[in-house]
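[1] Got a sequence here, can you model it:
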Amino acid sequence: MNTKLILFVSVCLISVAACGLATTQDSLKTETPPATLTAAASVRIPNATITYYDITGSSLDELRTQLDLLGPVGSDGFKGDATTRWFVRWNWPGYGESSCNLHQAIVSYEIEVILPRWSPPDNVPTDLVIKWTAYVYALIEHEKGHVEYVVDRHPTVFDAIKNATCETADAEAAKALQAIRQHDIDYDAATNHGKNAGARFP
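    Numbers count the residues shown, from 1 in each chain. Got it, this is the predicted structure:
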C-alpha cells in the first residue's frame, strides 16, 4: 500500500539565535542564579522532537559567529538559527485505487524543532547568560506557535480526505495541507520570525 508523504519545512529561521540552555551554579559563579538560567535544561515542546546543534563561545560576537556558521538552512534556502520541520502522512485502504475506504484514512504527523545549544564556559559574564536565556524562551514560544498550529489543524487533512472521492482525495488532502503551510508563512511574516516578541540575539 502506497503512502503519501508531504514534507514542509517551516521557515521560522531566526536570524539571531537561542537554545535549550544547560547551566549550573558553579559555571555561573553566582550563589543564587536566577531561576530562568537553570530552567532551560528541561525545555520541552509538546508534540515535537527537539534537535540541537552545539555552539561555543564566551562573547556575543563569538556566539553570533558560531550561529551564522552552523545554523540550519530552510527549504527556501534561507539560513538562520532555528527552524521547525513538520511531516504529514496519510493513507487509507485502497490508496491509489478506484475503490477505497476514505473513512478509514489515517493521518499522522511528525514535528522536529532544530535549535542551537550553548553550554556557558567557566567565568562567562552572567549578563550574557541572562541575555541568551531570555532569547531562548522567546524563540521557544515562537516555535511552539508553529508546532501547535500543525497539531490543531492536521485533522483538516482527514476531513478533506473523507469528504472527497477515491480519485480526488489525494489532491484534496494536499489542498488542506497548503492551508497549514500558508499559516506558517503568514505567522512568520506577522511576527518577523519571532523578533517582535523578543526572539533576537544579541
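
[2] and the longest helix seen in the chain, what's its mean pLDDT?
    Counting residues, the longest helix found in the chain (DSSP state H) is helix 126-153. The predicted model assigns helix 126-153 a mean pLDDT of 93.

[3] Now do it: distance to the chain's middle.
    Its chain's C-alpha centre and that of helix 126-153 lie 9 Å apart, by CA atoms, centre = their mean, to the nearest Å.

[4] Would you mind listing the buried residues in that helix?
    Along helix 126-153, these residues count as buried under the neighbour rule (16 or more other CB atoms under 10 Å): 126, 128-129, 131-140, 142-147, 149-150, 153. Bear in mind the C-beta positions are built from the backbone N, C-alpha and C, glycine included.

[5] Show me what it is packed against.
    Using 3 or more CB pairs under 8 Å, 6 or more residues apart in numbering; DSSP states H and E, the elements in contact with helix 126-153 are helix 35-39, helix 60-70, strand 83-91, strand 106-118, helix 169-191.

[6] Next secondary structure after it?
    Downstream of helix 126-153, the next assigned helix or strand under DSSP states H and E is helix 155-162.

[7] contacting residues around that following helix?
    88, 90, 92, 102-103, 105, 107, 169, 172-173, 175-177, 179-180 (CB atoms under 8 Å, 6 or more residues apart in numbering).

[8] What subset of those residues is buried?
    Going by neighbour count (16+ other CB under 10 Å), those have 88, 90, 92, 102, 105, 107, 169, 172, 173, 176, 177, 180 buried.

[9] any idea how far residue 153 is from the fifth one?
    Just to be clear, that refers to residue 105. 16 Å (CB to CB, to the nearest Å).

[10] How about the last one?
    Here the criterion is CB to CB. By it, residue 180 lies 5 Å from residue 153.

[11] okay, and the helix or strand of this structure with the least pLDDT?
    helix 25-28 (a mean of 32; mean pLDDT, DSSP states H and E).

[12] in this protein, which residue is closest to the centre?
    residue 84 (2.6 Å; CA atoms, centre = their mean).

[13] Next one, pLDDT for that residue please.
    pLDDT, residue 84: 92.

[14] wait, it sits on residue 143?
    Yes - in this structure, residue 84 is within contact of residue 143 by CB atoms under 8 Å, at 5.3 Å.

[15] State the number of residues packed around residue 98.
    Neighbours of residue 98 under the rule other CB atoms under 10 Å: 8.

[16] any idea of the pLDDT on it?
    So residue 98 comes in at 90 (pLDDT).

[17] Let me see the contact set for it.
    Neighbours of residue 98 in contact, by CB under 8 Å, 6+ apart: 166, 167.

[18] SS state for the residue lying closest to residue 65 once chain neighbours are set aside?
    Distances taken as CB to CB, 6 or more residues apart in numbering place residue 57 nearest to residue 65, at 7.2 Å, with adjacent residues excluded. Taken by DSSP: H, G, I helix; E, B strand; the rest coil, the conformation at residue 57 corresponds to coil.

[19] From residue 69, how far off is residue 57?
    For residue 57, the distance to residue 69 equals 11 Å [CB to CB].
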